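[1] Fold the following and give me the result.
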Amino acid sequence: MYRFAGICCALFILVAAACRGDNRREVFELNYILDFTIQAGLNTIETHFIVNPAITSLFEERLDANSLTIDDVVAVEPRFAELSTIFNDEDLDFIRRLEIRVFDPFDPDFSREVFYLDPVPTNTRKSIRPFPGLSDVKEIVSQTTFGVEIRLAFRRIPSQSYDMRLLFDFSAKGE
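    Down below sits the predicted model:
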């Protein structure tokens, strides 16, 4: 019994020593709003892509406002996203899957998943808050412009068109 307790204690110490906290600090946020439309009649078989290839990046502006250089930022990570109708009057339970990616508009094959929710809970009401991904997107969002791709799959065919708003934030991390 004592031997088992000793082994457990040694394992606990080993795990605790291996787990170090994230010592990076947030140096600024990047906040964006993207409006788009989900058209009525889209099918439930395919994944539907909404692409905006030219989002103006706020990265340089935030660097200047905080008297930082690009070298002061070690990573830019997804922080928060929320998808809702613009007038917040429609239930979004027809959406089954949501994925949001950012990409380099000059090299669309260079993309990173930044937010996802699969499956979207069926009790979704007026907004969907996907989980942030783990990707460092500094290389993409530090450019003058970057692209955003929204991938949607539906539980049922939208009976009407929906004017949508996507709010999304990134956290710039420093040492």
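[2] which stretches of the chain form strands?
    25-38, 48-56, 75-85, 95-104, 107-117, 127-128, 131-132, 145-154, 162-174 (DSSP state E).
[3] Format those as TSV; extra columns: mean pLDDT and mean neighbour count.
    Every C-beta, even on glycine, is put in place using the N, C-alpha and C of the backbone. Shown next, in TSV, are these (pLDDT from 0 to 100; neighbours: other Cβ atoms under 10 Å):
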stretch	mean pLDDT	mean neighbour count
strand 25-38	97	15
strand 48-56	96	14
strand 75-85	97	19
strand 95-104	97	20
strand 107-117	95	16
strand 127-128	94	16
strand 131-132	98	16
strand 145-154	98	20
strand 162-174	97	19
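[4] Residue 65 is nearest to which of those strands?
    strand 25-38 (7.4 Å; Cβ to Cβ).
[5] ok, residues contacting that closest one?
    Residues outside strand 25-38 that contact it (Cβ atoms under 8 Å, 6 or more residues apart in numbering) are 48, 50, 52, 55, 57-59, 62-63, 65-66, 68, 72-73, 76, 79, 86, 141, 148, 150, 152, 158, 161-175.
[6] how much does it deviate in direction from strand 95-104?
    Inter-element angle recorded for strand 25-38 and strand 95-104: 120 degrees (by axes from the mean of the first three to the mean of the last three Cα atoms, to 10 degrees).
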